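Trainee: could you look at this predicted model? Sequence included:
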Amino acid sequence: MQQHTLAGEITQIGVGLHSGVSTQVRILPAEAGSGRYFVRVDLPHLPIIPAQVAAVSHTVLSTQLGKGEVYVRTVEHLLAALSGMGVDNARIEIDGPEVPLLDGSASVWTANIAQVGLVSQPVNNQVPKAITEPIWVYQGDAFVCALPAPETRFSYGIDFDLPAIGNQWHSWSLTTELEKASASFAAEIAPARTFGLLHQIEHLQKTGLIKGGSLDNALVCGPEGWLNPPLRFANEPVRHKILDLVGDLSLLGTFPIAHFLAYKASHNLHIQLAQRILDFGF
């Protein structure tokens, strides 16, 4: 298994979900072995923030990397797109504190990656290690775990009182063939948009969150149903949770061979699982 980077440059401009700040992102090819990393080009000395578990600094309603004033927020959709499309190494230059939400999914990123294409790199990628015993993280009835399995698979369950969402499950397999995996991710997981609950929006806005959220970049659900249909999938919300899980676990660098199973989990639990996996020697 060789490593891969982009064959060209990607540029996107958009508004961050929580900050409401417009930023520009340039994704550039990177050397073999360098991994995926952010560069805050708006700050002195162009600080680098690695897309690694150790760099996580905040997990409330999104995943944030960095420390102090040197951070980048809401990285999960972009990192899911890069890892899901097989991009091992990428330099991500950003001129602000938050990755643009775009349409609320990862489709724009995956389309950009497919358009520029990938190039293989001569350094052999490390062979993924297999999880050999169950690793669990839970809080109340919510949990996320990594289970021994013959292939890498992501399964997720959610349960909401709102009838339009209700109880949903979805499972997606990451095949070892790069072209098939990329096509599957781009078609089945990447288009799923972030979603919010109508009764929570006012509270989130009062606490300084979702300043950049709108009906154009997030699905909103209320007691009477969806405020901005149609959905891209009947179970779009739970597919989006898989998108988040893929993005958060991409901070491991490479995905271990395991069945990643989650129920009513969060970015915080995802990152806790990633840390536990590292603690087990992966």
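Mentor: Thanks, I have it. Numbering: from 1, shown residues only.
Trainee: mind checking how far the residue of the chain most remote from its centre is from residue 163?
Mentor: Residue distances from the centre of the chain (C-alpha atoms, centre = their mean) peak at residue 224, which lies 29.3 Å from the mean C-alpha position. According to C-beta to C-beta, to the nearest Å, residue 224 and residue 163 sit 9 Å apart. For glycine as for every other residue, the C-beta is placed from the backbone atoms N, C-alpha and C.
Trainee: name the helix or strand for residue 91, please.
Mentor: strand 90-94 (DSSP states H and E).
Trainee: typo on my end, residue 79
Mentor: Going by DSSP H and E, residue 79 is part of helix 76-84.
Trainee: what angle sits between that helix and strand 90-94?
Mentor: Orientation check (axes from the mean of the first three to the mean of the last three C-alpha atoms, to 10 degrees): helix 76-84 against strand 90-94 gives 160 degrees.
Trainee: quick one: helix 76-84 to chain centroid distance?
Mentor: Relative to its chain's centre, helix 76-84 lies at 5 Å (C-alpha atoms, centre = their mean, to the nearest Å).
Trainee: which neighbouring elements make contact with that helix?
Mentor: Counting contacts by 3 or more C-beta pairs under 8 Å, 6 or more residues apart in numbering; DSSP states H and E, helix 76-84 packs against strand 36-40, helix 107-116, helix 178-188, helix 236-249.
Trainee: list the buried ones in the next helix or strand after the shortest one?
Mentor: Stepping forward along the backbone from strand 36-40, the first helix or strand reached (DSSP H and E) is strand 48-50. Neighbour-count burial for strand 48-50 flags 49-50 (criterion: 16 or more other C-beta atoms under 10 Å).
Trainee: note down every partner strand of strand 48-50 and its orientation.
Mentor: In the sheet, strand 48-50 lines up against strand 36-40 (antiparallel) (DSSP bridges).
Trainee: CA atoms only for the helix holding residue 79, dumped as PDB, please.
Mentor: Provided in PDB are the C-alpha atoms of helix 76-84 (Å, rounded to 0.1, in the frame of the first residue of the first chain):
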ATOM      1  CA  GLU A  76     -14.100  16.800  10.900                       C
ATOM      2  CA  HIS A  77     -15.800  17.100   7.500                       C
ATOM      3  CA  LEU A  78     -12.700  18.100   5.600                       C
ATOM      4  CA  LEU A  79     -10.600  15.400   7.300                       C
ATOM      5  CA  ALA A  80     -13.300  12.800   6.600                       C
ATOM      6  CA  ALA A  81     -13.200  13.800   2.900                       C
ATOM      7  CA  LEU A  82      -9.400  13.500   2.700                       C
ATOM      8  CA  SER A  83      -9.200  10.200   4.500                       C
ATOM      9  CA  GLY A  84     -12.300   8.800   2.900                       C
END
